[in-house]
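Peer 1: Return atomic coordinates for the entry below.
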Amino acid sequence: MVFLSWFSRNYKVTVICACLTLLVLIPVVYWKMTQNQQTNTPEPSELYLFRKYDDIVTNATLMEVWNKTKNLDGIFELSRHGNYSVLICPHAYTSGGDWYAEWFVVASTLEPSNEGLIYELVLRFNFENFSLIKSYTEVQDFNLTSIENGKKIIEDFIAQNNGYVAPIEQEFHTNDPFMILFVYPSDIGTTIILNLNTGRLMIAAKGVWMGHGALLYP
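Peer 2: Next up is the predicted model:
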């Protein structure tokens with residue numbers, strides 16, 4: 001009875017204290033959940049370091065990019081859909097005069113979901129300080145594509161893209177499930193990455209020697 005009498009007299013104070021306690025505890029609990037989520041992100045089945053611009057880019061630098069990437073929410077969300085692979089490569093929009101470049105990080109699940117879907121993530125990072133510029137997520141139908149058809153899809157994209165000059169020598173690389181067309185921009189070059197699990201482009205960009213390249217897709 002004494003307790004109930006005290007509680008009735010101090011009801012408002014009790015409610016305020018309870019609310020303040022919740023305001024403190026909720027952010028702490030959320031932070032701990034976020035930390036657990038990040039630290040529990042599975043490693044990719046394959047991590048490809050596409051090393052071009054050898055005078056500037058090293059494997060250690062590419063790993064710095066991955067260390068900035070692997071704890072992002074987008075990677076965690078992708079990993080929830082199964083085994084995945086990651087490709088990291090630089091792209092120079094301008095390679096002569098004032099150097100301007102970005103890091104491209106692309107990730108894809110390796111097996112289709114029960115619904116026949118492949119999950120993709122594309123990230124663009126600042127070349128100098130590794131800060132995130134933009135991220136793109138896609139969900140595509142599984143459509144296993146041969147290397148020959150992958151090359152044709154990329155060549156058709158180059159031919160159909162207004163204002164784009166196709167390189168004379170095309171250098172294709174395959175790191176399953178990724179197909180990469182890389183041409184150094186000694187005049188006009190490109191970086192195009194296609195997902196062989198979907199038959200669709202993930203990212204495409206143009207580079208030039210003394211001028212300004214551009215992001216073509218997405």
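
Peer 1: Contact partners for A204?
Peer 2: 157, 190-193, 215-217 (Cβ atoms under 8 Å, 6 or more residues apart in numbering). (Each C-beta comes from the backbone N, C-alpha and C, glycine too.)

Peer 1: I'd like the next helix or strand past the helix or strand I193 falls within.
Peer 2: Secondary-structure assignment from DSSP states H and E places I193 in strand 188-195. Counting by DSSP H and E, the next helix or strand C-terminal to strand 188-195 is strand 200-208.

Peer 1: now that following strand, how far from the chain's geometric center?
Peer 2: Chain-centre distance of strand 200-208: 14 Å, with Cα atoms, centre = their mean, to the nearest Å.

Peer 1: relative to strand 188-195, how tilted is that strand?
Peer 2: 170 degrees (axes from the mean of the first three to the mean of the last three Cα atoms, to 10 degrees).

Peer 1: Could you export strand 200-208 as CSV, keeping only the C-alpha atoms?
Peer 2: Listed next in CSV are the C-alpha coordinates belonging to strand 200-208 (Å, rounded to 0.1, in the frame of the first residue of the first chain):
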residue,chain,number,x,y,z
ARG,A,200,23.9,-7.5,-68.5
LEU,A,201,26.3,-4.6,-67.9
MET,A,202,27.1,-3.7,-64.3
ILE,A,203,29.1,-0.5,-65.1
ALA,A,204,30.6,1.2,-68.1
ALA,A,205,32.8,4.3,-68.3
LYS,A,206,34.8,6.2,-70.9
GLY,A,207,38.3,7.6,-70.4
VAL,A,208,40.4,10.0,-72.5
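
Peer 1: Going C-terminal from it, what's the next secondary structure element?
Peer 2: strand 214-217.

Peer 1: list the helices and strands that next one packs on?
Peer 2: If you count contacts as 3 or more Cβ pairs under 8 Å, 6 or more residues apart in numbering; DSSP states H and E, strand 214-217 packs onto strand 200-208.

Peer 1: just to revisit the earlier point, tell me the one of the contacts of A204 nearest F182?
Peer 2: Nearest to F182 among the contacts of A204: T191, at 5.6 Å, using Cβ to Cβ.

Peer 1: The closest one: neighbour count?
Peer 2: 27 (other Cβ atoms under 10 Å).

Peer 1: residues contacting it?
Peer 2: 89, 91, 104, 180-182, 203-205, 207.

Peer 1: Check those residues for burial and list the buried ones.
Peer 2: Buried members of the contacts of T191, scored by 16 or more other Cβ atoms under 10 Å, are 89, 91, 104, 180-182, 203-205, 207.

Peer 1: sorry, back to before: tell me which two in the contacts of T191 are the farthest apart.
Peer 2: I180 and G207 (13.9 Å).

Peer 1: quick one: the helices in the chain?
Peer 2: 2-9, 11-39, 59-69, 73-79, 147-160 (DSSP state H).

Peer 1: Contacts only, for the residue nearest to R124 when sequence neighbours are not counted.
Peer 2: Spatial nearest neighbour of R124, chain neighbours left out: I133 (4.3 Å); criterion: Cβ to Cβ, 6 or more residues apart in numbering. I133 is in contact with 102, 124-126, counting by Cβ under 8 Å, 6+ apart.
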